[in-house]
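*Asks:* Okay, sequence plus prediction incoming.
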Amino acid sequence: MAMQSGTRSLVSVHQPPVLTTALGQDVVMPCHLQHSRDDKMASGPVLYWNLIQNDTDSLRVFPSDKYEGRVELLDNSRTTLNKSIVLKNVQWADSGKYLCKLSITMEGKQTSRKKGNETSLKVYDTMIFNLTAHNDSLLQCEVNVTPDPGFVLFILHNGLKLPPADSAPGEAGASLPYVTLSETIPLRSEGEYECQLHLNRDLITKSIFVHLPVADDGGDAAIFFALTSPTTVSGVVVFPEPWLLYMALLLVPITILLSLVTALLVYRC
């Protein structure tokens, strides 16, 4: 936040410190101008958005030919105090710190440039939560994220956090713009398994895996989900042993044997 202060004046630019978005989605980058009631703008502010690279260099995001077609104003009115932009089709390379800067001319004052405190944009990919390909008794959750130690992945079973049988902390390759977080647990009893991705204390996305048996009466198992976006679902239905079928198969030779004995006794009589 930047301020221009006086006895009755205050001009500030506000940005959120952190934003997260899914890969390939659009994201709103908030920037809001505030000033006191006593101050009036002589003309509409001139807006600049920059992507800070290596803490020193910056890349012009808006207005910019390089980002043409991918960045637009949320509100096109020149007099609006909402200077947010929409960044479309977010890619891994879009991760980084964004700075909103405004050239402002207030009535009776010289033009000054104000800026916010930067917004850190972090990206995550689609979460994969399913049985492992090599072992159907292991359940694995995996997701790619922007390199950041604040990202944490864990799995719950019926609301209780489970210790992982195997995990990947997310080491970044030199040529990759993301790290892969992975947790693997043994598939236990029936119920709901939920994989959650957190950034510090905030829940970013989750995926649910349901493990339910078929009804004992031979009817189809019914699984109902009440979920909110962004949530994905997978499931497996476990079929119980067909004990009734086993008993029926055993009764066939016994029935035939009894029929033969009965026929033999009748013949002798």
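*Replies:* Everything's here; your move.

*Asks:* Just the element for the residue nearest the centre of the chain, please.
*Replies:* In the chain, the residue lying closest to the centroid (C-alpha atoms, centre = their mean) is residue 205, at 3.1 Å. Using DSSP states H and E, residue 205 sits within strand 202-213.

*Asks:* Flag every buried residue along that strand.
*Replies:* 204-211 (16 or more other C-beta atoms under 10 Å). The C-beta positions use only the backbone N, C-alpha and C, and glycine is treated the same way.

*Asks:* and residue 51, bridged to which residues?
*Replies:* Counting by DSSP bridges, residue 51 is bridged to residue 59, residue 98.

*Asks:* Distance check, it against residue 210.
*Replies:* Taking C-beta to C-beta, to the nearest Å as the measure, residue 51 falls 41 Å from residue 210.

*Asks:* Next: residue 196.
*Replies:* Taking C-beta to C-beta, one finds residue 196 at 16 Å from residue 210.

*Asks:* Go ahead and confirm the residue nearest to the centre of the chain touches residue 21.
*Replies:* No - in this structure, residue 205 is not within contact of residue 21 by C-beta atoms under 8 Å, at 10.4 Å.

*Asks:* any common contacting residues for the two?
*Replies:* Residues touching both residue 205 and residue 21 (C-beta atoms under 8 Å, 6 or more residues apart in numbering): residue 124.

*Asks:* which stretches of the stretch 1-150 of the chain have low pLDDT?
*Replies:* 1-10 (pLDDT under 70).

*Asks:* go again using 90 as the cut-off
*Replies:* 1-12, 33-47, 53-58, 76-81, 102-116, 133-137 (pLDDT under 90).

*Asks:* Please, where are all the strands along the stretch 51-200 of the chain?
*Replies:* 57-62, 71-73, 85-87, 96-104, 112-115, 119-124, 128-131, 138-145, 151-157, 160-161, 166-168, 179-186, 191-199 (DSSP state E, counting those that start in this stretch).

*Asks:* most neighbours per residue, which of the ones you listed?
*Replies:* Mean neighbour counts were taken over the strands of the stretch 51-200 of the chain using mean count of other C-beta atoms under 10 Å, and the top value, a mean of 22, falls to strand 138-145.

*Asks:* Pull the residues that contact that strand.
*Replies:* Looking at what lies outside strand 138-145 - C-beta under 8 Å, 6+ apart - the contacts are 23, 122-132, 151, 153, 155, 165, 170, 178-187, 193, 195, 197, 205, 207, 209.

*Asks:* ok, residue 91 - contacts?
*Replies:* With contact set as C-beta under 8 Å, 6+ apart, residue 91 has these partners: 23-24, 123.

*Asks:* can you list those residues in JSON lines and add distance to residue 259?
*Replies:* Below are the contacts of residue 91 laid out as JSON lines (distance: C-beta to C-beta, whole Å):
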{"residue": "23", "distance to residue 259": "69"}
{"residue": "24", "distance to residue 259": "69"}
{"residue": "123", "distance to residue 259": "73"}
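
*Asks:* Closest one to residue 11 out of those, please.
*Replies:* residue 123 (32.1 Å; C-beta to C-beta).

*Asks:* The closest residue in space to residue 206 that isn't next to it in sequence bridge partners, please.
*Replies:* Spatial nearest neighbour of residue 206, excluding adjacent residues (C-beta to C-beta, 6 or more residues apart in numbering): residue 196 at 4.6 Å. Beta bridges link residue 196 to residue 154, residue 206, judged by DSSP bridges.
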